[in-house]
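Asks: sequence? don't have it. structure:
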């Protein structure tokens, strides 16, 4: 936890399930929730990174899962619920923003992009919804992106999926809300994960950031994790169906 960061008593022992938790924003959230005393489970296809993180945080629950396999995704969610006796927070974070030219997109590659960036969020929600409704509490957090608002033209499949995620959030507000289960979207700007720094951030990227992000500085994974903590905690008890943007003023 960062110095002077908020402590949320309601997250003590909360059962938190995170998709794509081995690296980047996901790993920052795993650490942040563990620091709050939560019981954290996460899945990822990156086995080595996931095992290293789980070893560093011994009380975490980790499984290697390819989220494009919906049966495997469901099985992992149900296994976590069985192991921890329930689930209080679901964070749909898994994504792949590999750049691609629109001219090169095929039906197969389009479907694969949706199978990573959009479809798992729906089926993870479906897997936890009845449980959260029955216990009359819970928080679902979907991760979007400002890429579509910024008119990013280098990854049309990804930007389409991320735009759709807030529509998915809004579609569950009423069926979940009647049981006081909340669902919101976090929409990050350019977060400086290790992958972004190694693959995409160069002198040209620095210039683009300076031109488009009014707030000085670089958004870190911990910044997104801090917002996720708030939306998971009881402090956001009456927040649902909303989009919370963390982009330094870009969009």
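Replies: Nice, thanks for sending it over. The shown structure was predicted, so the numbers you read here are calculated from the model rather than taken from an experiment.

Asks: which is the next helix or strand following the helix or strand of the chain with the lowest mean pLDDT?
Replies: Ranking every helix and strand in the chain by mean pLDDT, DSSP states H and E puts helix 194-199 at the bottom, with a mean of 61. Sequence order places helix 203-212 as the next helix or strand after helix 194-199, per DSSP states H and E.

Asks: what mean pLDDT does that next one have?
Replies: Helix 203-212 comes out with an average pLDDT of 73.

Asks: Show me what that helix is packed against.
Replies: Helices and strands touching helix 203-212, by 3 or more C-beta pairs under 8 Å, 6 or more residues apart in numbering; DSSP states H and E: there are none. From N, CA and C alone the C-beta is placed, and that goes for glycine too.

Asks: what's the next secondary structure element after that helix?
Replies: helix 221-232.

Asks: Can you list the neighbours in contact with that following helix?
Replies: 2, 5-6, 8, 11, 14, 16, 24-25, 27-29, 31-33, 36, 88-89, 91, 139, 141, 143, 182, 184, 186, 188, 191-193, 236, 239, 244, 246 (C-beta atoms under 8 Å, 6 or more residues apart in numbering).

Asks: Report the rounded mean pLDDT for it.
Replies: Here the average pLDDT along helix 221-232 is 94.

Asks: any idea how far the residue nearest to residue 236 when sequence neighbours are not counted is from residue 208?
Replies: Of all residues not flanking residue 236 in the chain, residue 230 sits nearest, at 5.5 Å (C-beta to C-beta, 6 or more residues apart in numbering). For residue 230, the distance to residue 208 equals 29 Å [C-beta to C-beta, to the nearest Å].

Asks: Also residue 14?
Replies: 38 Å.
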